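Chemist: Okay, structure incoming, though there's no sequence with it:
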């Protein structure tokens, strides 16, 4: 591995700005989903301030939509906690997969760059690191871009939401799926990786169908990780 | 226990959502600080990082509509041919939009 390369762990203004610009094109589409959340939340009767505060502080798209599905005059605390935890559990995996690089940073920076970790900037950052390029600018700067457009979108949805009632007609619901797939296809390709992916895909589907809601990412990722640890231990030694 | 969705109850819900998200963003990093990073752990992490993506995508492809499947297929093929993410993503979204238009 590239342990001697200290440039890999750099984090400065220009790297953060570059990360912001690289994630900005995708983040623009995130605005639409922020707006969809803002509109849906408003229709459920949440106050304008609490809707925008939630997007700004929680910054967790799927979990916020799931909360709205549970919304009523009262919400059962335990169910709400469990749903939010299950949906956000993939953040645990993101932190763990970035740890070999994060451990080179001071604790303040380590936890600081994770504040805005999300699917898209995590995927870009992982791809940079595994290609031997610095990735923390993408994680933090890209996270800032995603956060900014998610919160702006929420605000737009609260005030002008009715304009974008059917984002799926424009294929906009596929933006994150297509993005993550492009990242996966652009990564390492080998017969070993293909086996790992097959196991991850199959186990996530089985979890999706037969295990509690939202457990599929955790199950699929851990199954793929286990196969990757026991399969072909003697190749790629260095 | 139930939380009222008015007044301070809403504030509590916003804070709980923020704290859960923060706990998961920091939790994985914190837990890993107790794990010695040896060769095996590195391989586990490396295999897991690709698997997170696949585990997110597989149910999307299998349970989505035909437009979703065509979008993902278009993205994969364009990515293999051009090796550039932006045209691949744009191609996928256009494919989904066209499928849903007809």
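Modeler: In hand now; what should we look at? Please read all numbers here as calculations on a predicted model, not as lab measurements. Numbering: from 1, shown residues only, chains lettered A, B, ... in the order given.
Chemist: mind checking the backbone torsions on residue A:81?
Modeler: phi -60, psi -50 (degrees, to the nearest 10).
Chemist: what is the mean pLDDT for stretch A:172-179?
Modeler: Stretch A:172-179 comes out with an average pLDDT of 91.
Chemist: That one and chain B, are they touching?
Modeler: Yes. For stretch A:172-179, a contact with chain B is found by CB under 8 Å from any CB of the partner chain, at A:172-175, A:177-179. (C-beta placed from N, C-alpha, C; glycine too.)
Chemist: Just the pLDDT at residue B:91, thanks.
Modeler: For residue B:91, the predicted pLDDT is 96.
Chemist: how about the strand or helix carrying it: buried residues?
Modeler: Element membership of residue B:91 [criterion: DSSP states H and E] is helix B:85-101. Across helix B:85-101, burial judged by 16 or more other CB atoms under 10 Å in any protein chain shown covers B:85, B:88-93, B:95-97, B:99-100.
Chemist: quick one on the thing from earlier: from the residues of stretch A:172-179 next to chain B, which land in helices?
Modeler: A:175, A:177-179 (DSSP state H).
Chemist: if we look at chain A, which of the buried residues of helix B:85-101 are close to it?
Modeler: Applying CB under 8 Å from any CB to those, those adjacent to chain A are B:85, B:88-89, B:92-93, B:95-97, B:100.
Chemist: Now do the residue of chain B found nearest chain A: how many residues are near it, please.
Modeler: Closest approach between chain B and chain A, counting by CB to the nearest CB: residue B:47, at 2.0 Å. Residues near residue B:47, counting by other CB atoms under 10 Å in any protein chain shown, number 28.
Chemist: where's it, which helix or strand?
Modeler: Short version, using DSSP H and E: residue B:47 is in helix B:39-63.
Chemist: so after that helix, what's the next helix or strand?
Modeler: Next along from helix B:39-63, by DSSP H and E: helix B:66-82.
Chemist: contacting residues around the residue of chain B closest to chain A?
Modeler: Neighbouring residues of residue B:47 by CB atoms under 8 Å, 6 or more residues apart in numbering or on different chains: A:196, A:224-229.
Chemist: Low-confidence ranges, chain B, go.
Modeler: Scanning chain B for pLDDT under 70 picks out no residues.
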